[in-house]
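**Q** could you look at this predicted model? Sequence included:
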Amino acid sequence: MNRFLIIRAIKKDQGYTLQDDLGNYPTEGRLVSSRQKAYMECDAMYNNDMWHGHKVKSGYSIMID
């Protein structure tokens, strides 16, 4: 059965970082200047042959086993 994990761009004092539903930081807490750039990072990391991800209304969804 396939499960999905949602990753969200969250606002910090100096910018945005990515955080998943489990509380992990996929980019190790690195900050970018906008939500759009954060989701562009998700697309670069998770939209490939190994991972299957896409933008959804609530964040960025990746399929996990």
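**A** All right, it came through fine.
**Q** which parts of stretch 58-65 are buried?
**A** Buried residues in stretch 58-65, counted by 16 or more other C-beta atoms under 10 Å: Gly59, Tyr60, Ser61, Ile62. Bear in mind the C-beta positions are built from the backbone N, C-alpha and C, glycine included.
**Q** which other residues reach it?
**A** With contact meaning C-beta atoms under 8 Å, 6 or more residues apart in numbering, stretch 58-65 is reached by 2-9, 18, 39, 42-43, 46, 51-55.
**Q** quick one: secondary structure of Arg30?
**A** Look at Arg30: counting by DSSP: H, G, I helix; E, B strand; the rest coil, its state is coil.
**Q** ok, the residue lying closest to it once chain neighbours are set aside - contacts?
**A** Closest residue to Arg30 apart from its sequence neighbours, by C-beta to C-beta, 6 or more residues apart in numbering: Thr17 at 6.5 Å. Counting by C-beta under 8 Å, 6+ apart, Thr17 touches Ala9, Ile10, Tyr25, Thr27, Gly29, Arg30, Leu31, Val32, Ala38.
**Q** could you say which helix or strand holds the third one?
**A** Put plainly, it is Tyr25. Using DSSP states H and E, Tyr25 sits in no helix or strand.
**Q** same deal with the first one?
**A** Applying DSSP H and E as the criterion places Ala9 in strand 3-12.
**Q** let's test this: mean pLDDT of the strand or helix carrying the residue nearest to Arg30, rounded?
**A** Using DSSP H and E, Thr17 falls within strand 15-20. For strand 15-20, the mean pLDDT works out to 96.
**Q** okay, now the unreliable bits of the chain?
**A** Applying pLDDT under 70 to the chain flags the ranges 1.
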